[in-house]
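Novice: let's see this in three dimensions:
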Amino acid sequence: MSKIKLAISGCMGRMGRQLVKSSKTDKNFKLTILTENRLIEKKIAGIKPSLNHENSLKNVDLIIDFTIPKCTFEILKIASKLKKRVVIGTTGFSKMEELQIKKFSKKIPILKAGNMSLGINLLMYLTEIASKSLGNNFLSKVYEVHHKHKIDHPSGTALMLGKGIAVGKNRDFYNLIGKKYLNKKSFPYGKKINFNSIRKGKTVGEHEVKFSSGKEIITLNHEAFDRALYSEGALTAGKWLMNKKPGLYSMRDVLNFK
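Specialist: Sure thing, here's the model as predicted:
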């Protein structure tokens, strides 16, 4: 089997650098192109980064994008024209942008996940089950911690977990979004889902979902210690995506969680 020719968008970011490192040790991939939103003079892993452009990406099989929404849509426009597969790990999309991604997926295979970790995707699955089982007698909230450089809040993973709560209740997630707190020591439960985001130090990622009836509390949580679990998850997703038809997929599909 020939190696998958890989492009990494946002190669200078934290996840971009980790993806470069992980891809170099994965025998299924040939790191071919690196892109950034600005000119980079030095070479990375023997490759000089280029800007997002058709000429840069025409000879790759797969693009993995961990950037910002604006850059992701640059990639999607190019990928759609060139019929390239895309794995999206970028977070912070609006509801309208989510719908736009869905439109692109009618033309090309796209796998999008707010978190590429096996553990987190299992946590989301368990969150759905708990939310469905506990019903409306329990209020819920989501707590997350990330490194001080992370810009968006709540994190894409926290929003994934909130969506899991909504799916369990058979409710529209966007109608259930409550208050979004930043760096609060404590925050309340609500009839809607409240979120609290902590930004500090070098924390890779902590996520917690709580359900409370007022008489008891149920807690589901996950801690990540090594950023490599996200890059390795993205590469696993990329391999899985290679034989898929156009459509919008998630890590749930890769892991075959029903």
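
Novice: going by C-alpha atoms from here, please, whenever you check contacts or count neighbours.
Specialist: Will do.

Novice: export the lengthiest helix in the chain as CSV, just CAs?
Specialist: Counting residues, the longest helix found in the chain (DSSP state H) is helix 118-134. Written as CSV, here are the backbone C-alpha positions of helix 118-134 (Å, rounded to 0.1, in the frame of the first residue of the first chain):
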residue,chain,number,x,y,z
LEU,A,118,-10.5,8.0,22.0
GLY,A,119,-11.2,8.8,25.7
ILE,A,120,-13.0,12.0,25.0
ASN,A,121,-15.2,10.5,22.4
LEU,A,122,-16.1,7.7,24.8
LEU,A,123,-16.9,10.3,27.4
MET,A,124,-19.3,12.0,25.0
TYR,A,125,-21.0,8.7,24.3
LEU,A,126,-21.3,8.1,28.1
THR,A,127,-22.6,11.7,28.5
GLU,A,128,-25.4,11.0,26.0
ILE,A,129,-26.4,7.8,27.9
ALA,A,130,-26.3,9.5,31.3
SER,A,131,-28.3,12.5,30.0
LYS,A,132,-31.0,10.2,28.5
SER,A,133,-31.1,8.0,31.6
LEU,A,134,-31.3,10.8,34.1
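
Novice: quick one: list the elements packing against it.
Specialist: helix 156-169, strand 217-224, helix 251-255 (3 or more CA pairs under 8 Å, 6 or more residues apart in numbering; DSSP states H and E).

Novice: could you list the residues in contact with the one helix or strand Leu248 maps to?
Specialist: Element membership for Leu248 (DSSP states H and E) is strand 247-249. With CA atoms under 8 Å, 6 or more residues apart in numbering as the test, strand 247-249 has contacts from 102, 105-112.

Novice: okay, now the domains of this structure?
Specialist: As assigned by automatic domain parsing, the chain contains the domains 4-112+227-255, 118-224.
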